[in-house]
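Trainee: when you get a sec, could you give me coordinates for this:
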Amino acid sequence: MFASRGVLLIAFAFSVMADPVSSVAYAVEAALRALGGDLSLLLATMGLVVAIITLVIVNYRQLISRYPKGGGASAAVGEAFGDGWSFIPIGALVVDFVLTIAVSVSAGASAAIAYFPALAPWRMEIAVALLLVVGVATLFGHLGRVIFAVMTLTFIALMAAVLIYGIGVTPQAQGTITETVPHLPIVAVLLAFPVAMALATGVEAPSTAIAELGQLDDAGRRRFGRLTLWFTLAVVGTTTIGLAVELVHLRIGIPGPDTTQIAELARVAAPAPLFAAFQLATALLLLAAASSSFQAGPGMLKALARHARADGQRVGILPAALARTNSRHTPIWGVALFAVLGVTITIIAGGDDQSLVLYYAVAVFLSFLGGLLAMARFSFRERRPASLMLNLVGALVVLFTLIMNLSRGLPLLSLGAALVVSAVLHQIWVRSGRPEGVRSAQAAETAEPESNSPAP
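Mentor: Purely as a prediction, here's the structure:
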């Protein structure tokens with residue numbers, strides 16, 4: 001019994017963290033680009049990123065404890081402020097899922113091009129092709145947690161091997177490296193760290209994914225959720241800081257157009273077979289992250305669509321077609337919608353992950369903010385001053401991160417998109433008579449499949 005639970009925990013934890021772990025492939029490079037190539041500030045920047053992720057995770061432990069059946073930020077916001085406000089984190093996550101798909105497949109294309117530079121002229125086409133392959137694969141049902149976990153563990157192991165090899169390598173400057181930035185160091189770090197907050201995407205996943213653990217009771221789901229958060233922090237934090245230290249040590253700067261910083265590190269530090277294996281593992285993990293969003297996004301729309309629950313009650317606000325599933329319980333039209341949106345964004349960005357990452361990590365921080373404000377309200381009502389202080393500090397740091405990100409201009413488009421989606425969903429909800437249950441959409445997306453009969 002103990003052994004089986006251990007296997008379940010590993011499979012659950014390391015599959016759920018596929019998104020933040022895969023973000024290492026492009027987030028550290030994005031930070032260095034924002035620093036203008038000043039390697040001396042990279043470690044401080046990534047240290048700040050990890051510190052903020054730590055604060056968010058500590059707060060989300062409380063959220064998991066309160067909602068052991070899943071629900072995440074939308075459940076907390078709905079309970080604290082009313083169901084209508086739940087659409088803000090829901091709309092934010094819809095945008096985040098689309099961007100995760102586009103960024104992940106684009107980064108997957110970059111990983112392939114870094115190993116086969118001759119493919120560079122077809123960057124956009126490769127990214128779109130990868131997106132469509134992942135989308136079609138999603139129609140065949142959810143990939144097993146074990147498969148995602150194996151991909152994540154393989155990447156972590158190969159990353160560790162690359163870093164260990166790199167310790168004994170003589171530094172040899174690669175790419176563009178500068179010694180100065182156009183701002184004071186502290187200002188440069190504050191302007192650069194938001195683009196690397198892509199590492200925080202997926203941190204909220206355990207708070208909703210625990211709904212899948214139907215074989216456990218509430219106490220078991222709480223324990224698995226909290227342990228997964230700590231595992232995520234340990235893996236992402238260690239990998240990020242270790243990568244930053246080695247990039248500075250080996251003098252790996254901003255890479256050329258047909259490679260990536262993480263690929264150049266592996267090329268310099270590791271023998272050829274390890275480099276090849278590392279690039280393959282990186283690409284597969286990125287596709288796994290895209291697949292995860294291809295499941296979660298359509299699943300959320302399915303939960304919001306008009307459909308019949310197991311008890312026969314008709315619920316939902318979106319068109320019934322979004323609730324229709326195939327024989328493997330996959331919402332067909334939801335997958336198609338996210339594929340169209342993902343392809344559109346990927347084509348607009350030319351399949352360039354470093355362009356897309358500039359718009360990333362805005363929507364998910366809007367969701368974080370809502371969840372932490374809701375938890376602060378609960379702590380205030382329940383007269384828990386220590387928790388209230390933790391929630392307020394977390395909310396202020398998340399708000400500061402959001403403001404610094406938006407100050408760069410381009411992320412305003414992501415925020416605008418999230419608010420538009422939220423407003424449209426809210427208006428549909430009002431016209432539908434304000435039905436109850438919208439706050440549970442994130443939990444319902446991962447729950448066991450119910451009746452597939454759409455409401456008329």
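
Trainee: number of nearby residues for residue 280?
Mentor: 16 (other Cβ atoms under 10 Å). Glycine gets a C-beta too; all of them are placed from N, C-alpha and C.

Trainee: quick one: which helix or strand includes it?
Mentor: helix 272-304 (DSSP states H and E).

Trainee: for that helix, which positions count as buried?
Mentor: For helix 272-304, burial by neighbour count (16 or more other Cβ atoms under 10 Å) applies to 275, 277-304.

Trainee: settle this for me: residue 284 is touching residue 150, isn't it.
Mentor: No - taking Cβ atoms under 8 Å as the definition, residue 284 is not a contact partner of residue 150, at 9.6 Å.

Trainee: which stretches of the stretch 201-350 of the chain form helices?
Mentor: 205-209, 218-250, 261-269, 272-304, 332-348 (DSSP state H, counting those that start in this stretch).

Trainee: ok, which of the ones you listed comes nearest residue 326?
Mentor: Residue 326 lies closest to helix 332-348 among the helices of the stretch 201-350 of the chain, at 5.6 Å (Cβ to Cβ).

Trainee: give me the next element, helix or strand, following the closest one.
Mentor: Following helix 332-348 toward the C-terminus (DSSP H and E): helix 353-356.

Trainee: give the buried residues for that following helix.
Mentor: 353, 354, 356.

Trainee: do I have it right that residue 32 meets residue 262?
Mentor: No - counting by Cβ under 8 Å, residue 32 sits too far from residue 262 to count as a contact (11.0 Å).

Trainee: compare those two (neighbour count), which wins?
Mentor: residue 32 (30 against 27).

Trainee: what helix or strand is that one on?
Mentor: helix 24-34.

Trainee: just list what the helix or strand that that helix is followed by packs against, helices and strands only.
Mentor: The helix or strand immediately downstream of helix 24-34 is helix 42-66, counting by DSSP H and E. Here helix 42-66 touches helix 24-34, helix 72-81, helix 185-192, helix 205-209, helix 218-250, helix 363-381, helix 385-406, going by 3 or more Cβ pairs under 8 Å, 6 or more residues apart in numbering; DSSP states H and E.

Trainee: what inclination does helix 42-66 have with respect to helix 24-34?
Mentor: Between the axes of helix 42-66 and helix 24-34, defined by axes from the mean of the first three to the mean of the last three Cα atoms, to 10 degrees, the angle is 130 degrees.

Trainee: for the nearest residue to residue 425 once chain neighbours are set aside, helix, strand, or coil?
Mentor: Among residues not flanking residue 425 along the chain, residue 87 sits closest, at 4.5 Å (Cβ to Cβ, 6 or more residues apart in numbering). At residue 87 the chain is in helix, as set by DSSP: H, G, I helix; E, B strand; the rest coil.

Trainee: give the contact list for the residue nearest to residue 119 when sequence neighbours are not counted.
Mentor: Once flanking residues are discounted, residue 119 sits nearest to residue 113: 5.0 Å by Cβ to Cβ, 6+ apart. By Cβ atoms under 8 Å, 6 or more residues apart in numbering, the contact set of residue 113 is 119, 120, 123, 126, 258, 259.

Trainee: show me where pLDDT drops low in the stretch 201-350 of the chain?
Mentor: Within the stretch 201-350 of the chain, the stretches with pLDDT under 70 are 307-314.

Trainee: could you rerun that using 90?
Mentor: Residue ranges of the stretch 201-350 of the chain with pLDDT under 90: 201-218, 288, 291-292, 295-296, 299-300, 302-317, 320-331.

Trainee: ditto for the stretch 351-456 of the chain
Mentor: Those would be 358, 360-361, 364, 407-410, 432-456, if you go by pLDDT under 90 across the stretch 351-456 of the chain.

Trainee: go again using 80 as the cut-off
Mentor: 436-456 (pLDDT under 80).

Trainee: on that earlier part again, which other helices and strands contact the helix holding residue 32?
Mentor: helix 42-66, helix 87-115, helix 185-192, helix 218-250, helix 261-269, helix 272-304, helix 353-356.

Trainee: which residues does the residue nearest to residue 425 contact?
Mentor: Neighbours of residue 87 in contact, by Cβ under 8 Å, 6+ apart: 422, 423, 425, 426, 429, 438.

Trainee: now tabulate those in CSV and tack on distance to residue 324, neighbour count and secondary structure.
Mentor: Converted to CSV, those look like this (distance: Cβ to Cβ, whole Å; neighbours: other Cβ atoms under 10 Å; DSSP: H, G, I helix; E, B strand; the rest coil):
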residue, distance to residue 324, neighbour count, secondary structure
422, 24, 22, helix
423, 26, 13, helix
425, 19, 23, helix
426, 24, 21, helix
429, 21, 19, helix
438, 20, 26, helix
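
Trainee: would you reformat the residues you listed as JSON lines and include distance to residue 242?
Mentor: Listed next are the contacts of residue 87 as JSON lines, based on distance: Cβ to Cβ, whole Å:
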{"residue": "422", "distance to residue 242": "38"}
{"residue": "423", "distance to residue 242": "42"}
{"residue": "425", "distance to residue 242": "41"}
{"residue": "426", "distance to residue 242": "43"}
{"residue": "429", "distance to residue 242": "46"}
{"residue": "438", "distance to residue 242": "42"}
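
Trainee: quick revisit: now do the residue nearest to residue 425 against residue 420, distance only.
Mentor: From residue 87 over to residue 420 the distance is 11 Å, taken as Cβ to Cβ, to the nearest Å.

Trainee: list the buried residues in stretch 62-74.
Mentor: Those would be 62, 63, 64, 66, 67, 68, 70, 71, 72, 73, 74, for stretch 62-74 by 16+ other Cβ under 10 Å.

Trainee: give me every residue that touches residue 233.
Mentor: So residue 233 contacts 53, 54, 57 (Cβ under 8 Å, 6+ apart).

Trainee: next one: residue 30
Mentor: 195, 196, 198, 354, 357, 358.

Trainee: was I right to think the second one contacts residue 26?
Mentor: No - Residue 196 is beyond contact range of residue 26, at 9.3 Å (criterion: Cβ under 8 Å).

Trainee: of these two, which one has the most company?
Mentor: Between residue 196 and residue 26, counted using other Cβ under 10 Å, the more crowded position is residue 196 (32 against 29).

Trainee: so for the more buried one, what's the nearest residue that isn't a sequence neighbour?
Mentor: Using Cβ to Cβ, 6+ apart, the nearest residue to residue 196 is residue 31, at 3.8 Å.
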